[in-house]
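Enquirer: Mind looking at a prediction? Sequence and model below.
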Amino acid sequence: MDLQGAQTSTDALLHVPGVTAQIYDVSLGMMPSLEIRGFPVLLLVSGMRTVRDELPLDSETLERIEVLKGPNGVISSTAALGGPGGTINLIRKRAEPDHRNTVTMGLSSRDDGTLRSSFDLGASLAPETYWRLVGYGSRSGHTDGGYDGQNSRGLLGVLTHRGHDVQVTLTVQGDRRRDVPARASQILVSPDSGNAVGVGGEASAISSEDRTLSNAGDIELDATWRFSPKWRTTLKMRRETVRSDVRRHVYWEGPFPAVVLGLQRTASRFSSVQAGVVGDVATGPVNHQLMVAADVERSRSIWDSGSAWWNVDAATFQPGQTVLSDTPDEGDRFALQPSSSESALRRGLLLQDQLSWGNASARLAVQQSRMSERDVLSWTDGQSDTEQSYKWPKAFNWDVGLAYQVTSFAAVYGGWQSIVAWDYIAADPVQLFDGSMARAPRMRQVQAGVKFDLLDDRLALTLEAFRLQQLNQVAYSEALSGNFMYPGREVRGLEIELKGRVAPALEMSLGLTAVRARDTGTGVEGAQVYTVPASGIPARSLNLLARYRLPETLVRASSVGLALRAFSSMWSISPGLGETPSLRLPGGARTDLSWTRKTGPWTFGVSVQNLFDRKLYGTYSTQGYVPLQPGRSLGVVVVFGE
């Protein structure tokens with residue numbers, strides 16, 4: 001994460017091959033949701049589900065990030081709505097016996113000056129017991145997008161006991177953030193049809209006060225007890241609270257141009273308990289690692305919302321220059337009304353066997369999951385609240401993985417998986433036009449690859465082909481007077497990754513991805529099915545991270561780093577969607593350079609992000625605008641540690 005200059009988990013993950021981002025709520029969204037290979041991710045924090053959603057973790061609190069793609073990366077004890085393309089596991093820092101205390105200060109020219117500071121302290125509290133405390137804060141000036149400054153602050157506390165047979169870790173974290181929209185280019189819209197026709201110049205913010213205020217806190221207990229030499233039991237518990245307050249202006253063009261202010265306040269509570277047993281068993285030449293895990297998750301979210309509306313003249317309105325009246329034409333600038341609430345219960349059971357014999361290994365996993373949800377929709381016109389309950393049938397999921405060591409330096413592997421991808425339509429039995437019942441919506445993944453260990457195992461080269469498919473989607477046809485089934489999104493691709501040390505002084509990670517993503521649409525009158533390119537997914541991308549340790553004869557204890565991310569053009573509005581014109585965003589490349597030197601307890605660093613100051617579009621777009629990635633910025637950092 002230091003090579004990328006990443007301040008959050010989302011910043012770091014956008015450098016991972018196959019990971020992209022989307023903003024789904026065009027009127028309120030500011031922070032993108034991550035996707036793996038064109039499908040939503042299953043987001044975990046220290047191995048457990050979270051309700052943080054788009055709200056990232058600060059990089060100062062993270063030890064590492066695990067990205068699991070393919071069949072072995074999406075099955076956990078409980079299933080989620082939709083079919084995930086993989087799992088992102090954010091591993092927070094742990095208390096260690098050999099901890100190095102550090103204090104860090106950093107200053108960047110980004111957003112009219114951004115100051116970051118942090119401390120990381122830890123020590124032994126008692127024999128086999130350790131503590132760690134991490135604190136961080138950042139504040140920026142007026143942002144490049146024209147909004148008031150961003151800021152964040154938080155604390156992470158960890159207490160760990162590491163006995164011979166028992167290990168217990170207690171983690172407490174709290175953070176507050178103020179995030180604002182990214183700078184953006186305006187999407188040119190036809191005044192007659194309201195359809196996008198191109199991308200214009202950089203747009204000014206409608207209101208500099210737009211922001212998302214959020215605060216999150218959780219407490220987590222992680223315990224492991226080894227009750228025999230080959231068997232151990234695990235227990236994890238977490239209680240989490242997340243609150244957010246969003247204020248966002250959006251300019252809607254078309255026949256009736258207007259500025260709409262969206263307000264939303266959300267409060268979510270989440271609790272989870274996971275328990276499992278893991279053991280090693282040998283049956284002749286075959287070694288097994290068996291796991292049985294069960295968990296229960298409860299969550300509750302409450303939404304309050306509001307809006308205001310100003311009618312404007314498209315010929316004279318200039319975002320950031322035209323002053324909006326304190327009294328909108330419709331609605332209220334500050335009032336919030338109860339909107340909806342959601343309560344969900346998930347229960348799951350996972351059985352897994354990891355086998356190894358000789359040069360071969362395999363993984364077999366089956367999962368059974370149940371989910372129920374209760375939604376309440378509130379009305380502001382005097383109507384009584386509307387309540388809707390969903391109870392999905394049992395979901396049965398499975399995956400299989402095989403690997404074989406062909407030679408001392410080459411191995412082949414493959415994986416197959418089928419999971420239930422529940423949606424709200426499938427909560428109740430759906431009858432098709434021919435009288436039969438619709439099958440459960442599923443997602444299927446297949447992958448195959450080969451891995452080479454080169455240069456005395458210092459360098460690993462992986463080539464992997466994959467295919468992801470949505471199956472059993474349901475749509476209504478007037479011609480058939482009923483529902484029919486059709487396939488959903490399909491993604492095929494190839495990934496090439498090179499990781500390790502090319503030379504003793506050069507460490508690198510190179511990823512190349514080629515993807516073909518197609519969405520399936522349906523006609524209303526008949527049972528027509530057509531495919532279009534999926535939006536927001538570049539067909540080709542390249543990610544490079546490299547660090548070179550300079551010769552001691554040249555500069556002592558110094559290294560230089562390179563981070564490069566390049567992607568091809570992509571569809572923002574796919575072609576073939578009826579009469580709506582297509583819109584394609586150009587690709588680009590971003591280059592970051594860094595230099596680091598250590599001298600005694602001090603570490604000094606200088607970095608330049610977006611070295612060539614390229615105008616790079618995000619892989620997502622909002623109504624009327626397409627976000628731009630940050631321009632060139634210079635940063636310095638000083639670390640003192642002993």
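Expert: Received it, and whenever you're ready, just let me know what you need.
Enquirer: going forward, measure contacts between C-alpha atoms and count neighbours the same way
Expert: Noted.
Enquirer: Mind checking what secondary structure residue 234 has?
Expert: What DSSP: H, G, I helix; E, B strand; the rest coil gives for residue 234 is strand.
Enquirer: With adjacent residues omitted, what lies nearest to it?
Expert: Spatially, and ignoring its direct neighbours in sequence, residue 234 is nearest to residue 224 (4.5 Å; Cα to Cα, 6 or more residues apart in numbering).
Enquirer: State the distance from the one you found to residue 164.
Expert: Remark: distance between residue 224 and residue 164 (Cα to Cα, to the nearest Å) = 11 Å.
Enquirer: Then residue 93?
Expert: Residue 93 is 21 Å from residue 164, by Cα to Cα.
Enquirer: These two: which is more packed in?
Expert: residue 93 (20 against 9; other Cα atoms under 10 Å).
Enquirer: show me the residues around that one that make contact.
Expert: 61, 62, 63, 158 (Cα atoms under 8 Å, 6 or more residues apart in numbering).
Enquirer: Dihedrals phi and psi, it?
Expert: phi -60, psi 140 (degrees, to the nearest 10).
Enquirer: one step back: any of the contacts of residue 93 buried? List them.
Expert: Buried members of the contacts of residue 93, scored by 16 or more other Cα atoms under 10 Å, are 61, 62, 158.
Enquirer: ok so, going back, list just the nearest of the contacts of residue 93 to residue 612.
Expert: residue 62 (29.5 Å; Cα to Cα).
Enquirer: Pull the number of nearby residues for the closest residue to that closest one other than its chain neighbours.
Expert: Spatial nearest neighbour of residue 62, excluding adjacent residues (Cα to Cα, 6+ apart): residue 92 at 4.3 Å. Applying other Cα under 10 Å, we find 19 residues neighbouring residue 92.
Enquirer: looking at it, residue 92 is touching residue 60, isn't it?
Expert: No - shown here, residue 92 and residue 60 do not form a contact pair, counting by Cα atoms under 8 Å, at 9.1 Å.
Enquirer: residues contacting residue 613?
Expert: With contact taken as Cα under 8 Å, 6+ apart, residue 613 is in contact with 631, 632.
Enquirer: and the helix or strand residue 404 falls within, what other elements does it pack with?
Expert: Secondary structure assigned from DSSP states H and E places residue 404 in strand 386-405. Where contact means 3 or more Cα pairs under 8 Å, 6 or more residues apart in numbering; DSSP states H and E, strand 386-405 is packed against strand 360-377, strand 410-420.
Enquirer: where does residue 526 land on pLDDT?
Expert: In this model, residue 526 is scored at 55, pLDDT.
Enquirer: try the one 10 residues further on
Expert: Residue 536 carries a pLDDT value of 83.
Enquirer: So it, which state does it fall into?
Expert: Of the three states, residue 536 takes coil under three-state DSSP.
Enquirer: How many residues are close by it?
Expert: Using other Cα under 10 Å, residue 536 is surrounded by 24 other residues.
Enquirer: tell me the phi and psi of it?
Expert: Dihedral angles (degrees, to the nearest 10) for residue 536: phi 80, psi 10.
Enquirer: That one against residue 569, yeah?
Expert: No - the criterion here is Cα under 8 Å, and residue 536 misses it with residue 569 at 9.4 Å.
Enquirer: Mind listing the shared neighbours of those two?
Expert: Here residue 536 and residue 569 share no contacting residue, scored by Cα under 8 Å, 6+ apart.
Enquirer: Tell me if residue 60 really is in a helix.
Expert: Yes - the assignment for residue 60 by three-state DSSP puts it in a helix.
Enquirer: Next one: the closest residue to residue 583 other than its chain neighbours from residue 587, what distance?
Expert: In space, and not counting its chain neighbours, residue 583 is closest to residue 573: 4.8 Å by Cα to Cα, 6+ apart. Separation of residue 573 from residue 587 (Cα to Cα): 15 Å.
Enquirer: neighbour-wise, which of the two wins?
Expert: The residue with more neighbours, out of residue 573 and residue 587, is residue 573; 21 against 18, by other Cα under 10 Å.
Enquirer: Contacts only, for residue 610.
Expert: 590, 591, 592, 630, 631, 632, 633.
Enquirer: ok now do residue 232, which residues does it touch?
Expert: Residue 232 touches 224, 225, 226, 277, 278, 279, counting by Cα under 8 Å, 6+ apart.
Enquirer: With neighbour count, pLDDT and secondary structure added, can I get the residues you listed in TSV?
Expert: Listed next are the contacts of residue 232 as TSV, based on neighbours: other Cα atoms under 10 Å; pLDDT from 0 to 100; DSSP: H, G, I helix; E, B strand; the rest coil:
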residue	neighbour count	pLDDT	secondary structure
224	19	96	strand
225	17	96	strand
226	17	95	strand
277	17	96	strand
278	18	95	strand
279	17	95	strand
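Enquirer: ok, so of those residues, who is nearest residue 335?
Expert: Looking across the contacts of residue 232 and measuring by Cα to Cα, the closest to residue 335 is residue 224, at 48.8 Å.
Enquirer: contacting residues for that closest one?
Expert: With Cα under 8 Å, 6+ apart, residue 224 has these contacts: 165, 166, 167, 168, 232, 233, 234, 235.
Enquirer: Show me the beta-bridge partners of it.
Expert: residue 167, residue 234 (DSSP bridges).
Enquirer: And it, how far from residue 166?
Expert: 6 Å.
Enquirer: Show me the helices in the chain, by range?
Expert: With helices called from DSSP state H, the chain shows them at 9-13.
Enquirer: Which residues are in contact with residue 493?
Expert: With Cα under 8 Å, 6+ apart, residue 493 has these contacts: 465, 466, 467, 513, 514, 515, 516.
Enquirer: Which positions are bridged to the fifth one in the beta structure?
Expert: Applying DSSP bridges to residue 514 gives these bridge partners: residue 494, residue 540.
Enquirer: Run through the stretch 301-450 of the chain and note the low-pLDDT ranges.
Expert: 380-384 (pLDDT under 70).
Enquirer: what does the stretch 451-600 of the chain give?
Expert: 523-527, 576-581.
Enquirer: Can you give me the neighbour number for the nearest residue in space to residue 67 that is not next to it in sequence?
Expert: The shortest distance from residue 67 to any non-neighbouring residue, by Cα to Cα, 6+ apart, is to residue 88 (4.8 Å). Neighbours of residue 88 under the rule other Cα under 10 Å: 23.
Enquirer: what's the pLDDT at residue 88?
Expert: Reported pLDDT for residue 88: 89.
Enquirer: Wait, it touches residue 42, no?
Expert: Yes - Residue 88 is within contact range of residue 42, at 6.3 Å (criterion: Cα under 8 Å).
Enquirer: What distance do you get for residue 515 to residue 567?
Expert: 11 Å.
Enquirer: just checking, residue 281 touches residue 291?
Expert: No - counting by Cα under 8 Å, residue 281 sits too far from residue 291 to count as a contact (10.9 Å).
Enquirer: Neighbour count: those two, which is higher?
Expert: residue 291 (19 against 14).
Enquirer: OK, contacts around the closest residue to that one other than its chain neighbours?
Expert: Nearest non-adjacent residue to residue 291, counting by Cα to Cα, 6+ apart: residue 278, 4.5 Å away. Counting by Cα under 8 Å, 6+ apart, residue 278 makes contact with 231, 232, 233, 234, 289, 290, 291, 292.
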